[in-house]
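In: Quick one: sequence plus predicted model below, questions after.
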Amino acid sequence: MENLGIDGKLLIAQLINFGIFFLLFAKFISKPFLKFLQQERRNEKDKESLLGKLKKGEEELGLQEKEMRNKIKKERNEIIEKSKEEGLRLREQIVAEANKDAETLKKKAMKEVDEERIKLHQDVKNKVADLSVLLVEKTLQQNLDENSKKRITQSLLKNLPVIK
Amino acid sequence: MKIDPTIKEDLKEYFKDRMRLVKEKVIITSAYELSDQEKKTIISSLGLPNGKIEYKVDTRLVAGVIITYGSKIIDVSLKGQLQNFKHILYESA
């Protein structure tokens, strides 16, 4: 061993030194260090899970917002459609009522025209009767002589009632 | 206002007499001057009282007579007949 350049005593001393170092390291350094590493790992994991949760929450919010927007759009379109339909319906109703009123007025006017026509016809007939009777009266007044008047008077006197 | 009862009775009698005169008044209106025979015919046909009868002439009657006895009027004139005919014409269709 001396020929190889290895000092036995030095080797043993180094081994002992290494052993002491190993013991000291294992007892006083490795455990806290390992603890520290584990703690760091745990913290990392917690952070990652929190980040994941936040991302997930954000995604969900994004989806909800999208859904809400779609819902609002849909409702708006529905309201517009309903308003259009209502407007059309009202327009038709107004037109129908106007037609009905026009028809009523027309019937009333025609009825009035008929009544006027009947009244006019009656008036003309009455006037013709008046004129005819007047004509007959005047003609008789001018053309009847005394004898004719007496004969007519006697004929009329035959129909005299008795006064009670 | 109170009226004396005797005056009230006198007034009643007076108005009764006036009413009787009006009721019994006879007016015969003819289209021409009636002869005595015609007048007698009328009086006997109607049974008119022999009171005062007034005779009038109205040529517008054309022929016949109108007899007014109190509130009653009997129209047997030709004009009256023509007026009746006119009303019939009014009522016809």
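Out: Received the coordinates, thanks.
In: Mind giving me the packing neighbours of the worst-scoring helix or strand of chain A on mean pLDDT?
Out: Within chain A, confidence by mean pLDDT, DSSP states H and E is lowest for helix A:146-157 among all helices and strands, at a mean of 87. Applying 3 or more Cβ pairs under 8 Å, 6 or more residues apart in numbering or on different chains; DSSP states H and E, we find helix A:146-157 packed against helix B:36-46, strand B:64-69, strand B:72-77, helix B:78-91. C-beta coordinates here come from the backbone N, C-alpha and C atoms, glycine included.
In: Single out the most deeply packed of those.
Out: Most buried of the helices and strands packed on helix A:146-157 by mean neighbour count (mean count of other Cβ atoms under 10 Å in any protein chain shown) is strand B:64-69; its value is a mean of 21.
In: who does that one pair up with?
Out: strand B:26-30 (antiparallel), strand B:72-77 (antiparallel) (DSSP bridges).
In: Columns mean pLDDT on top of the helices and strands packed on helix A:146-157, output as CSV?
Out: Putting the helices and strands packed on helix A:146-157 into CSV (pLDDT from 0 to 100) gives the following:
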stretch, mean pLDDT
helix B:36-46, 84
strand B:64-69, 89
strand B:72-77, 88
helix B:78-91, 90
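In: ok so B:Tyr55 is a helix residue?
Out: No - counting by DSSP: H, G, I helix; E, B strand; the rest coil, B:Tyr55 is not part of a helix but strand.
In: what about the longest helix belonging to chain A, distance to the chain center?
Out: With secondary structure taken from DSSP state H, chain A has its longest helix at helix A:31-143. Centroid separation between helix A:31-143 and its chain, computed with Cα atoms, centre = their mean, to the nearest Å, is 8 Å.
In: All set now, cheers.
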